[in-house]
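A.B. asks: have a look at this prediction, sequence included:
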Amino acid sequence: MSASRPADPGPHGLVRRLGSFDATMLVMGGIIGSGIFVTPAEVARHVDTEFLVVGVWVLGGLVALAAAFVYAELAARRPDVGGQYAYLRDAYGPMPAFLYGWALLLVIQSGGMAAVAITFARYFGNLVQLPISESAVAVCVLGGLTLINCLGVRSGSNVQSGLMVLKILAIAALVLVGLYLAPAVAPQPDVAGPGSISTLAAIGAALTPVMFSYGGWQTSSFVAGEMRNPQRDLARGLLLGVAGVIILYTAVAFVCVQALGPVGLAASRTPATDVMRLALGDRGATLIAIGIAISALGFLSQGMLTAPRVYFAMAEDGLFFRSVARVNPKSRVPVVAIVLQGVAAAAIALSGTFGQILSYVVSVDFIFFGLTGAALFIFRRRHPDQPVSFKVPLHPLTTGLFVAACAVTVIATVWNNLTNSLVGYAILLAGVPACLYWQRKSRNPA
């Protein structure tokens with residue numbers, strides 16, 4: 001892999017190669033997975049009018065935009081490798097930051113990647129009809145993406161950006177075909193959804209899957225140390241990327257409810273496939289299956305590129321195996337950290353327990369989202385005169401909205417999934433003695 005000009009090494013031995021376009025693609029790639037093709041149906045099971053089905057996606061998008069504002073200022077204030085890990089470390093100390101990395105490796109990132117790898121394998125198997133198990137396909141695709149990212153950050157970024165463009169085209173095709181070729185369902189009378197206590201409660205329940213779908217903006221911050229100008233490029237990428245996803249997601253929700261109606265959408269298991277089948281028959285169903293497989297592959301590529309930088313940062317801080325902080329002299333990427341992520345995701349995919357893990361990912365993940373948002377208050381108080389290239393508009397209201405939304409999401413998840421949430425917290429707390437061990441080992445190296 002040759003370069004036309006000398007590499008620009010960063011302070012951690014990594015190479016600064018990524019720009020604003022790469023950051024935007026990483027933000028969108030971290031958010032858009034295969035879920036958007038099925039989540040509109042889950043939303044319609046809670047709210048039963050076209051206005052509310054689309055409206056909750058707009059409302060969730062506003063929360064995601066508030067998150068983008070917060071993370072953009074954090075990126076301008078702390079352009080460090082590891083992103084969210086670095087924000088938590090600098091605001092609260094090593095323990096909360098380590099617990100975030102611990103949960104990322106054992107629950108959040110690896111569990112999500114395992115589930116999406118199986119999703120890809122399922123659609124891929126239906127398309128090619130090969131006598132290969134889903135687990136084997138999932139492990140193969142994870143292994144292939146691990147290898148690509150070990151070749152260098154530009155190699156991984158190019159694959160990620162290419163897949164992101166294909167994902168956008170797949171979603172655009174769904175929207176355009178649904179709008180112009182799928183027959184619109186006849187207007188239906190509003191019917192109160194089963195189990196809905198009130199409209200406000202129904203909106204709150206619908207927002208849970210919406211917020212899950214919008215999550216992922218934070219992963220682009222993990223590669224801040226490999227951006228040419230992270231203060232500018234990451235902030236710009238966060239704002240443009242989240243805004244782009246809001247437009248795409250709202251358009252998909254509108255098309256699905258327009259073609260299937262609120263009742264039909266709520267009854268659908270695969271709304272995107274149903275819309276495309278209405279418009280183009282079985283050929284449309286095949287085309288969207290290809291789009292879903294590409295979208296899943298793009299999400300995996302983005303996760304393999306970004307998450308290992310957190311484990312790299314942990315090792316640099318002396319809170320993980322030192323080998324994880326090694327940078328390959330040729331590719332200038334943390335190969336051991338990348339392989340660790342690939343192995344962890346593959347192990348969960350093979351175990352068959354990833355579905356259970358996903359059910360308690362959110363209760364853990366949104367705790368750290370809220371803590372990260374609150375970190376902005378700490379940094380502003382500590383460094384009131386720090387010059388930054390971007391500041392959150394309408395702070396503290398905007399930042400407070402994001403932190404409050406995270407708290408509500410955690411409370412709702414625990415309330416509805418107490419047992420699974422407790423399992424997630426048990427894994428999280430298991431990281432406390434692990435952190436103390438690494439801290440002691442760092443103070444007293446053998």
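C.D. replies: Cool, got the structure. Residues are numbered from 1 along each chain as shown.

A.B. asks: just how off-centre is stretch 145-153 within its chain?
C.D. replies: 19 Å (C-alpha atoms, centre = their mean, to the nearest Å).

A.B. asks: count of neighbours near residue 144?
C.D. replies: By other C-beta atoms under 10 Å, the residues close to residue 144 number 16. All C-beta atoms are positioned from the backbone trio N, CA, C, and that covers glycine.

A.B. asks: before we move on, what about residue 71?
C.D. replies: Applying other C-beta under 10 Å, I find that residue 71 has 29 neighbouring residues.

A.B. asks: which residue is the nearest non-sequential neighbour of it?
C.D. replies: residue 238 (5.4 Å; C-beta to C-beta, 6 or more residues apart in numbering).

A.B. asks: so who does that neighbour touch?
C.D. replies: Residue 238 makes contact with 23, 27, 68, 71, 72, 75, 217, 220, according to C-beta atoms under 8 Å, 6 or more residues apart in numbering.

A.B. asks: for it, give its distance to residue 65.
C.D. replies: 10 Å (C-beta to C-beta, to the nearest Å).

A.B. asks: next one: residue 85
C.D. replies: 23 Å.

A.B. asks: neighbour count winner among those two?
C.D. replies: residue 85 (29 against 21).

A.B. asks: which of the helices or strands spans that one?
C.D. replies: helix 84-92 (DSSP states H and E).

A.B. asks: that helix packs against which elements?
C.D. replies: helix 94-103, helix 308-316, helix 361-382 (3 or more C-beta pairs under 8 Å, 6 or more residues apart in numbering; DSSP states H and E).

A.B. asks: quick check: next helix or strand after the lengthiest helix in the chain?
C.D. replies: Secondary structure of the chain per DSSP state H: the longest helix is helix 230-267. Using DSSP H and E, the helix or strand that follows helix 230-267 towards the C-terminus is helix 271-280.

A.B. asks: how far does that next one sit from its chain's centre?
C.D. replies: With C-alpha atoms, centre = their mean as the basis, helix 271-280 stands 26 Å off its chain's centre.

A.B. asks: got the contact list for it?
C.D. replies: Contacts of helix 271-280 (C-beta under 8 Å, 6+ apart): 37-38, 40-41, 174, 177-178, 181-183, 252, 255-256, 259-260, 264-265, 268, 284-285, 287-289, 291-292.

A.B. asks: ok, stretch 86-105 next?
C.D. replies: Contacts of stretch 86-105 with the rest of the structure, by C-beta under 8 Å, 6+ apart, involve 74, 78, 80, 82, 84-85, 110, 221, 224, 307, 310-311, 313-314, 317, 319-320, 340-341, 344, 364-365, 368, 371-372, 374-375, 378-379, 424, 427-428, 430-432, 434-435, 438-439.

A.B. asks: now for the helices and strands packed on helix 84-92, which one comes closest to residue 155?
C.D. replies: Closest of these to residue 155 is helix 308-316, at 14.0 Å (criterion: C-beta to C-beta).

A.B. asks: mean confidence for that closest one?
C.D. replies: Mean per-residue pLDDT for helix 308-316: 88.

A.B. asks: can you name the next helix or strand after that helix?
C.D. replies: helix 335-351.

A.B. asks: what does stretch 315-322 contact?
C.D. replies: Contacts for stretch 315-322 (C-beta under 8 Å, 6+ apart): 12, 81, 89, 94, 97-98, 101, 311, 314, 323-325, 336-337, 435, 438-439, 441-442.

A.B. asks: surely residue 396 is in contact with residue 377?
C.D. replies: Yes. Counting by C-beta atoms under 8 Å, residue 396 touches residue 377, with 6.9 Å between them.

A.B. asks: these two: which is more packed in?
C.D. replies: Neighbour count, other C-beta under 10 Å: between residue 396 and residue 377, residue 377 has more, with 15 against 12.

A.B. asks: follow-up on the earlier one: return the most buried member of the helices and strands packed on helix 84-92.
C.D. replies: For the helices and strands packed on helix 84-92, average neighbour numbers computed from mean count of other C-beta atoms under 10 Å are highest in helix 308-316, which has a mean of 27.

A.B. asks: residue ranges with poor pLDDT in the stretch 151-300 of the chain?
C.D. replies: Where the stretch 151-300 of the chain drops to pLDDT under 70, the residues are 156, 185-197, 224-226.

A.B. asks: what do you get if the cut-off is 80, keeping everything else the same?
C.D. replies: Residue ranges of the stretch 151-300 of the chain with pLDDT under 80: 152-158, 160-161, 182-202, 204-205, 208, 212, 217-232.

A.B. asks: ok so, going back, of the contacts of residue 238, just the buried ones, PyMOL syntax please.
C.D. replies: Selection command for PyMOL covering only the buried members of the contacts of residue 238, criterion 16 or more other C-beta atoms under 10 Å:
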select buried, resi 23+27+68+71+72+75+217+220
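
A.B. asks: where is pLDDT lowest across the contacts of residue 238?
C.D. replies: Least confident entry in the contacts of residue 238, by pLDDT: residue 220, with 74.

A.B. asks: I figured it hits residue 20, correct?
C.D. replies: No. Using C-beta under 8 Å, residue 220 makes no contact with residue 20, being 11.3 Å away.

A.B. asks: overlap in contacts of those two?
C.D. replies: With C-beta under 8 Å, 6+ apart as the test, residue 220 and residue 20 both reach residue 237.

A.B. asks: before we move on, back to that, can you flag the buried ones in the contacts of helix 271-280?
C.D. replies: Here, 16+ other C-beta under 10 Å leaves 37-38, 40-41, 174, 177-178, 182, 252, 255-256, 259-260, 264-265, 268, 284-285, 287-289, 291-292 buried among the contacts of helix 271-280.

A.B. asks: centre of the chain to the helix holding residue 85, how far?
C.D. replies: On C-alpha atoms, centre = their mean, the centre of helix 84-92 falls 19 Å from the chain's centre.

A.B. asks: then stretch 301-316?
C.D. replies: So, by C-alpha atoms, centre = their mean, the centroid of stretch 301-316 is 14 Å from its chain's centroid.

A.B. asks: residue 245 versus residue 439, what's the distance?
C.D. replies: The value you get for residue 439 to residue 245, if C-beta to C-beta is used, is 38 Å.

A.B. asks: correction: the previous question concerned residue 223.
C.D. replies: 18 Å.

A.B. asks: ok, back up a step: of all the helices and strands packed on helix 84-92, which one is nearest residue 120?
C.D. replies: helix 361-382 (18.2 Å).

A.B. asks: tell me how far that closest one lies from the chain's centre.
C.D. replies: Here helix 361-382 is found 16 Å from its chain centre; the criterion is C-alpha atoms, centre = their mean.

A.B. asks: so which elements touch the following helix or strand past it?
C.D. replies: Downstream of helix 361-382, the first helix or strand assigned by DSSP H and E is helix 397-416. Applying 3+ C-beta pairs under 8 Å, 6+ apart, one finds that helix 397-416 contacts helix 50-77, helix 199-214, helix 361-382.
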